[in-house]
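Enquirer: Mind looking at a prediction? Sequence and model below.
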Amino acid sequence: MSVARNTEISATSSQSFEDAIKQGLERATRTLRNVKGAWIKEQEVELEGNQVSTYKVTMIVTFVLDDQSDVS
């Protein structure tokens, strides 16, 4: 039996929403094992003057917990 957990993370990029998602998932997979997917909960932009300066995403990342028999 597998048990999964969800955690909410935010990531930013000066380039695009896609880049913010990519950076957030790359960072999450360095810390969390068994990441299986993500749901994009929110997208926001910050403006400087009349130009978009920052793209921000908030996402729910799903990862499968290690089986108790796998833990030393």
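Expert: Ah, there it is.
Enquirer: C-alpha only now, for contacts and for neighbours.
Expert: Will do.
Enquirer: what ranges do the strands span in the chain?
Expert: Under the criterion DSSP state E, strands of the chain are mapped to 4-13, 35-48, 51-64.
Enquirer: from those strands, which stretch is densest packed?
Expert: Burial among these, expressed as mean neighbours by mean count of other CA atoms under 10 Å, is greatest for strand 51-64, which shows a mean of 18.
Enquirer: Neighbouring strands - and their directions - for that one?
Expert: Applying DSSP bridges, strand 51-64 is found paired with strand 4-13 (antiparallel), strand 35-48 (antiparallel).
Enquirer: got the contact list for the closest residue in space to residue 8 that isn't next to it in sequence?
Expert: Leaving aside its chain neighbours, residue 8 sits nearest to residue 60 (4.4 Å; criterion: CA to CA, 6 or more residues apart in numbering). By CA atoms under 8 Å, 6 or more residues apart in numbering, the contact set of residue 60 is 6, 7, 8, 9, 38, 39, 40, 41.
Enquirer: could those residues be laid out in a markdown table, adding pLDDT and distance to residue 51?
Expert: Formatted as a markdown table, the contacts of residue 60 follow (pLDDT from 0 to 100; distance: CA to CA, whole Å):
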| residue | pLDDT | distance to residue 51 |
| --- | --- | --- |
| 6 | 97 | 34 |
| 7 | 97 | 31 |
| 8 | 98 | 28 |
| 9 | 97 | 25 |
| 38 | 97 | 28 |
| 39 | 98 | 27 |
| 40 | 98 | 23 |
| 41 | 98 | 23 |
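Enquirer: between the residues you listed, which is closest to residue 27?
Expert: Of all those, residue 27 sits closest to residue 9, with 9.9 Å by CA to CA.
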